[in-house]
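Participant: below are the sequence and a predicted model; questions follow.
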Amino acid sequence: MFIGRKKELDRLNELYAGGNFECAVIYGRRRVGKTTLINEFIRNKKTIFFTGEETSTTENLESFSRSIMAFTRSGGGEAPVFANFQAALDEIYGLAKKERIVLVIDEYPYLAASYRGFSSILQRQIDHKFKGASLMLILCGSSMSFMENQVLGYISPLYGRRTAQFKITAFNFFETRELCRGFSGEDAAVVYGITGGIPQYVSLFNGKLSLGENIKRNFLDPSSYLFEEPSNLLKQELREAALYNAVIRAIASGSTKVSEIASRTGMESGAASSYLKNLISLGIVLREEPVGEASRRKSLYRLADGMFRFWYRFIPENSALVRGGMAEHAWERIKPQIPAFMGSVFEDICAQWLWRENAAGKLSVQFTRSGRWWGNDPVRKQAAEIDILCLAEQAAIFGECKWTNSLVSHDVLNTLAERAALFAYTQKFLYLFAKKGFTQKCKKEAEKTGVRLVAFSEMG
C-alpha cells in the first residue's frame, strides 16, 4: 500500500503530463522512502531506471548500459556496453525524441563520485540536447550534503538545470499512524516516537504483536535490522564514524550546548561545531533557538531523528544484556522509561496537530512560526520553558503537553497561564494537551479562562 507523499506524487505527475523536458531532484536521508515514491510515480510509464553504485567508472557504465538496453531490447539478449557515458546519454536523447521517457538515476552521488566528469557531461547534454526532447530526468540521492551542494548548489555544473526539487522527509505522526495497522492510537504514537516516522522502520512493526514484542524483535535482538542501524548509517555517510558517534552519545546523555558536547567528548569547541554541522545536514541533529529569538548564544542541540534518540538512550546501556540473550530483562528495564521518552515526542505530535489545524483555518489565529521557548522568568527569578509557542504578528498560541497516565490537573493550566503572562502579545490563546485527559477542576478552570483542552484521543 502506498501511503503519504500525495503532494509530491501529484507534482511529479503534473511535470510528466506537460511533455517538456524536466529535471526533478529528489533527495533525503536513507530509508525515508525516496525510491518507493519514484517507483509509484513511474508505474505504467516508459522508464529507464539506473542505480549508481559505489564502484568503478567502468562498472557503473556497464550497469548504465544494461539499464538502457533493458528498455530498448525487451526481447532480452546480451546488452552491448556503450563506449562512454556521452554515447549512453546520446542514445537516451534519441529515444526521448520519439516518445515520452522517464530517466531515473538513483543514488546519483555514487555515479558522480565514480566518474567526476559526469555532472559536466550531463549539464552539456541538458543544455544542448535534452531540452529539445520529451525527457523527464530524475536525479535521486541519499547523501544530503552532496545533493544540496553538488547538484543543487551554486558550485555545481548542474546549478540552475533542475525544474523541480523534492526534499523527502520522515512521515509525521498522522501519516505514520496510517502505516500502524492493528496498533492502538497510543501505541502508534510510541512507534512513531521510536522510528522517527521513517517508513522503512515503521514497516518492521507488526500490529499483531504487542508493543513490547515489537521492540524486542526490532531493537533487542542482535540479528535485528535496527540493532546496529545507527552505526551502519554513520559508517555509510561519514568518514570518522567513531567521533560522530561520540558527539551523538553526548547529546543523548543530556549535553545540549557546544561547550558541554566538546567537554564530554574531549574535543575542542571548533571541532565539535564542525561535527554538529555535518550531523545537522544529515537530519540527525537539530539546532534550536527559542522561537521568536535569534540569539545563537541560547542555541541548544538535540537529536532530531527519533530512532537515534531511542537507540542512543536505551540500546548502549542494555547492549550486554541483548548480546547475552536477555532481551526480556532489557525490555523490563526500558519499559518504565518509555513515558518519559515520549514527553518530547508528544510535544512534536501536538505541534503537528496545531500546524494541521492552522492550515485548515480552524484556529482563532493563523500563525507563521512555531517552536519551543526557554528563558528566564523575571517574576519568579527562575528558568522557564514553554513546550509549544506559535507566533503570529500580534498574537501567540501557548501550548503545554503532558504524556502521562494520570489526568492533568489545574496546576498545569495555571503554570501555563503564568508563562504566557511573560509575553506582551495583544492576543494569547492557551492550549493544554494530555495523553489521558483532565481533572474536573482543570476542566472548570479552562472553561472560565478560555483555555482549550485537547486530549490525545481527540486529535484525530
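Facilitator: Perfect, thanks for sending it. Numbers count the residues shown, from 1 in each chain.
Participant: Gly399: what secondary structure?
Facilitator: Taken by DSSP: H, G, I helix; E, B strand; the rest coil, the conformation at Gly399 corresponds to strand.
Participant: so where is the stretch 351-460 of the chain shaky, pLDDT-wise?
Facilitator: Within the stretch 351-460 of the chain, no stretch has pLDDT under 70.
Participant: which parts of it are helices?
Facilitator: 410-420, 440-449 (DSSP state H, counting those that start in this stretch).
Participant: need these in TSV with distance to Trp311, can you?
Facilitator: C-betas here are computed from N, CA, C, even on glycine. Compiled in TSV, the helices of the stretch 351-460 of the chain are given as follows (distance: least, C-beta to C-beta, whole Å):
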stretch	distance to Trp311
helix 410-420	31
helix 440-449	36
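Participant: which one of these is the most hemmed in?
Facilitator: helix 410-420 (a mean of 17; mean count of other C-beta atoms under 10 Å).
Participant: and that helix, what does it pack against?
Facilitator: Helix 410-420 sits against strand 382-391, strand 395-402, strand 427-434, helix 440-449, with contacts defined as 3 or more C-beta pairs under 8 Å, 6 or more residues apart in numbering; DSSP states H and E.
Participant: give me the residues contacting the third one.
Facilitator: If you take C-beta atoms under 8 Å, 6 or more residues apart in numbering as the criterion, strand 427-434 is touched by 346, 350, 353-354, 363-365, 388, 394-402, 404, 407-408, 412-413, 416-417, 420, 438, 442, 446, 449-456.
Participant: write the PyMOL selection for whichever of those residues are buried.
Facilitator: Selection of buried members from these for PyMOL, criterion 16 or more other C-beta atoms under 10 Å:
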select buried, resi 346+350+353+354+363+365+388+395+396+397+398+399+400+401+402+407+408+412+413+416+417+420+438+442+446+451+453+454+456
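Participant: can you pull out the low-pLDDT segments for the stretch 51-200 of the chain?
Facilitator: 74-79.
Participant: which residues of it fall in helices?
Facilitator: Counting by DSSP H, counting those that start in this stretch, the helices of the stretch 51-200 of the chain are 57-72, 85-96, 108-114, 118-128, 144-146, 173-179, 185-195, 199-202.
Participant: nearest to Gly4, of these?
Facilitator: In terms of C-beta to C-beta, the element of the helices of the stretch 51-200 of the chain nearest to Gly4 is helix 173-179, at 4.4 Å.
Participant: now do the buried residues in the closest one.
Facilitator: Those would be 173-177, 179, for helix 173-179 by 16+ other C-beta under 10 Å.
Participant: tell me what it is packed against?
Facilitator: helix 185-195, helix 199-202, helix 338-359.
Participant: return the most buried member of these.
Facilitator: helix 185-195 (a mean of 23).
Participant: what about the spatially closest residue to Phe205 that is not a sequence neighbour, which SS state?
Facilitator: In space, and not counting its chain neighbours, Phe205 is closest to Asn214: 4.8 Å by C-beta to C-beta, 6 or more residues apart in numbering. Per three-state DSSP, the local secondary structure of Asn214 is helix.
Participant: what number of residues lie near Asn214?
Facilitator: 20 (other C-beta atoms under 10 Å).
Participant: go on, Val379?
Facilitator: So Val379, with other C-beta under 10 Å, has 10 neighbours.
Participant: so which of the helices and strands packed on helix 173-179 is nearest Gly94?
Facilitator: helix 199-202 (37.0 Å).
Participant: which other helices and strands contact that closest one?
Facilitator: Other helices and strands packing on helix 199-202, by 3+ C-beta pairs under 8 Å, 6+ apart, are helix 173-179, helix 185-195.
Participant: the ones you listed: which one's closest to Ile334?
Facilitator: Judging these by C-beta to C-beta, what sits closest to Ile334 is helix 185-195, at 10.2 Å.
Participant: what's the angle between that closest one and helix 338-359?
Facilitator: If you take axes from the mean of the first three to the mean of the last three C-alpha atoms, to 10 degrees, helix 185-195 sits at 100 degrees to helix 338-359.
Participant: for helix 185-195, packing partners?
Facilitator: helix 173-179, helix 199-202, helix 211-219, helix 306-323, helix 338-359.
Participant: now do the second one: distance to the chain's middle.
Facilitator: In this view, helix 199-202 has its centroid 11 Å away from the chain centroid, taken as C-alpha atoms, centre = their mean, to the nearest Å.
Participant: in CSV, please show the C-alpha coordinates belonging to that helix.
Facilitator: Presented in CSV, the C-alpha positions along helix 199-202 are these (Å, rounded to 0.1, in the frame of the first residue of the first chain):
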residue,chain,number,x,y,z
PRO,A,199,8.6,4.5,6.6
GLN,A,200,11.1,1.6,6.3
TYR,A,201,11.4,1.3,10.1
VAL,A,202,7.7,1.6,10.7
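Participant: quick one: residues in contact with that helix.
Facilitator: Contacts for helix 199-202 (C-beta under 8 Å, 6+ apart): 3-4, 31-33, 36, 170-171, 176, 179-180, 191-192, 195, 218, 226, 229, 307.
Participant: format the helices and strands packed on helix 173-179 as a markdown table; extra columns: distance to Ile42.
Facilitator: Converted to a markdown table, the helices and strands packed on helix 173-179 look like this (distance: least, C-beta to C-beta, whole Å):
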| stretch | distance to Ile42 |
| --- | --- |
| helix 185-195 | 27 |
| helix 199-202 | 18 |
| helix 338-359 | 29 |
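Participant: and of those helices, who's closest to Tyr244?
Facilitator: Distance to Tyr244, taken as C-beta to C-beta, is lowest for helix 199-202 among these, at 20.0 Å.
Participant: Ala17 sits in which helix or strand?
Facilitator: Assigned by DSSP states H and E, Ala17 belongs to helix 6-18.
Participant: run a quick neighbour tally on the nearest residue to Phe346 once chain neighbours are set aside.
Facilitator: Leaving aside its sequence neighbours, Phe346 sits nearest to Trp403 (C-beta to C-beta, 6+ apart; 4.0 Å). Trp403: 25 surrounding residues under other C-beta under 10 Å.
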